[in-house]
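[1] Make a model of this:
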Amino acid sequence: MGEVVALTAAIGSILKAIGSTGLYLKSVSGASREVGDITKRVETTETVLLALRKTIEDFPQPAHFYDIWKKPANDVFGDLKTTIEELNSRLPLSGSTGKLSNLQRAKWPLAREETVLLLSHLQAEIQMLTVVQNALVLYVLGLHVPS
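    Presented below is the predicted three-dimensional model:
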């Protein structure tokens, strides 16, 4: 049961960081196609994380499953959290006021090359999250390879 709590806490931490990112991205999503693409990828990431957390909570697995699964899952969670935190460190997030100025909303703080790189990182992390989710679902359905 401790594994479930730790995994859902890791997911919750990423979702919290994504919440800040999402608020900013929604306020500037009309700025460029790339920003719109990042917004979609962040939203997709959030959706996959929510589904993964729900699966973990609804279908706890035996300890031997987590012994194998948690390391790759935590690696993906760590990479994703780092990406989101690095993005958030560059964004003019609203802080305590809850509002962004028009100038903050109008200016995208990343260079085009950084934006393209961010898009590729988010896409790769979404794919890895999907692999982690599929491994869990296959195990839940009893379609795992016997050890």
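
[2] so Val132 is in which element?
    Using DSSP states H and E, Val132 sits in helix 112-140.

[3] what's that helix packed up against?
    Here helix 112-140 touches helix 33-58, helix 63-90, going by 3 or more CB pairs under 8 Å, 6 or more residues apart in numbering; DSSP states H and E. C-beta: built from backbone N, CA, C; applies to glycine.

[4] now those helices in JSON lines, with mean pLDDT and mean neighbour count?
    Converted to JSON lines, these look like this (pLDDT from 0 to 100; neighbours: other CB atoms under 10 Å):
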{"stretch": "helix 33-58", "mean pLDDT": "90", "mean neighbour count": "16"}
{"stretch": "helix 63-90", "mean pLDDT": "90", "mean neighbour count": "16"}
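
[5] what's the nearest residue to the residue sitting nearest the centre point of the chain if we skip its chain neighbours?
    Closest to where the C-alpha atoms of the chain average out (CA atoms, centre = their mean) is Thr45, at 4.4 Å. The shortest distance from Thr45 to any non-neighbouring residue, by CB to CB, 6 or more residues apart in numbering, is to Ile126 (5.6 Å).
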